[in-house]
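**Q** Sharing a model that was predicted from the sequence below.
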2 protein chains.
Amino acid sequence: MINGLILTPMKVIDVVGDSVLRAMSIGNVGYNGFGEAYFSTVKHNTIRGWKKHKEMTLNIVVPVGVIRFVVYDDRKNSSTFGSFQEFILSKDNYNRITIPPNVWVGFQGVGSEINLLLNIANIPHNDTEVDHAPLKSFGYDWI
Amino acid sequence: MINGLILTPMKVIDVVGDSVLRAMSIGNVGYNGFGEAYFSTVKHNTIRGWKKHKEMTLNIVVPVGVIRFVVYDDRKNSSTFGSFQEFILSKDNYNRITIPPNVWVGFQGVGSEINLLLNIANIPHNDTEVDHAPLKSFGYDWI
């Protein structure tokens, strides 16, 4: 596992045919304070990335659809320097990923209908703490 | 408007055919601290209620589907005592409702597919601070 990444299995509670899905609670592993919560949708096969947050810790769950995440570690002093890690999240595989600052992240819509992620971030959105790199960077084959 | 209820229009940001939907940021109107974030799904026509939280402030958005919420105020000292208020939330009518403690809340799935709400609550879930009443209470006609 890339240093600082945490994959946490999350509870889906059945409620007479419907569900309650926990996303984050204070005291949970990976919780690093609350700054902002936002959703992103991503269409089937659309890829977004690469982005690197310099300050934000991301805590991501996928309650609708299926989304593939790839994390790339180019932190010079990391024992997992140069590693890629892939996760596929969905309601059926309901896990939360905690992504520390200073690693690269990309994601791709896998489900054919709505793919929705929630990020519970420790700081509010701020463009100045985000680096961008073209999708073809790092030699990763997204196809 | 029922005392303490806040309806806040929220931003949907277009991202090449997809969307970013803000849910809550520290400093936003209605933000009352972070305790827990969870999703509930509710099938078409299913009704959940009534519930009254004695301590929790609810902050609810609906990023997928359409959900109808009804709030009933039976707080003795409230200037809106005895009032009902109805909201229909969806991505196309993307608002956040802030529901203070000590009012009754029920909700119903309106969309024919997935109806999903996110609640960003100021305290973690705790059964002991929740009162329940049968759907037929308060003389409200849910049909």
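**A** Looks like it came in fine.
**Q** Spell out, range by range, the strands that occur in chain A.
**A** A:6-9, A:12-15, A:18-25, A:36-41, A:47-53, A:58-64, A:66-72, A:84-90, A:95-99, A:104-109, A:116-121, A:130-132 (DSSP state E).
**Q** Figure out how far stretch A:75-94 is from the centre of its chain.
**A** Its chain's average C-alpha position is 9 Å from that of stretch A:75-94, according to Cα atoms, centre = their mean, to the nearest Å.
**Q** buried sites along stretch A:72-79?
**A** Across stretch A:72-79, burial judged by 16 or more other Cβ atoms under 10 Å in any protein chain shown covers A:72, A:73, A:75, A:78. (Each C-beta comes from the backbone N, C-alpha and C, glycine too.)
**Q** With stretch A:43-56 instead?
**A** Neighbour-count burial for stretch A:43-56, counted by 16+ other Cβ under 10 Å, picks out A:43, A:48, A:49, A:50, A:51, A:52, A:53, A:56.
**Q** swap in stretch A:76-95?
**A** For stretch A:76-95, the neighbour count (16+ other Cβ under 10 Å) marks A:78, A:80, A:83, A:85, A:87, A:89, A:90, A:91, A:94, A:95 as buried.
**Q** Convert that stretch to CSV, retaining C-alpha atoms only.
**A** Output in CSV follows, covering the C-alpha atoms of stretch A:76-95 (Å, rounded to 0.1, in the frame of the first residue of the first chain):
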residue,chain,number,x,y,z
LYS,A,76,11.2,11.6,-3.1
ASN,A,77,11.4,10.4,0.5
SER,A,78,8.6,7.8,0.4
SER,A,79,9.4,4.2,0.7
THR,A,80,6.7,3.6,-2.0
PHE,A,81,8.3,6.2,-4.4
GLY,A,82,7.5,5.3,-8.0
SER,A,83,4.5,3.1,-7.1
PHE,A,84,1.0,3.1,-8.6
GLN,A,85,-2.0,1.8,-6.8
GLU,A,86,-5.5,1.2,-8.2
PHE,A,87,-8.8,1.0,-6.4
ILE,A,88,-12.3,0.3,-7.7
LEU,A,89,-15.0,1.7,-5.4
SER,A,90,-18.7,1.2,-5.6
LYS,A,91,-21.7,0.6,-3.2
ASP,A,92,-21.1,-3.1,-3.6
ASN,A,93,-17.4,-2.7,-2.7
TYR,A,94,-18.1,0.1,-0.2
ASN,A,95,-14.8,1.3,1.1
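**Q** what's the average pLDDT for it?
**A** The predicted model assigns stretch A:76-95 a mean pLDDT of 97.
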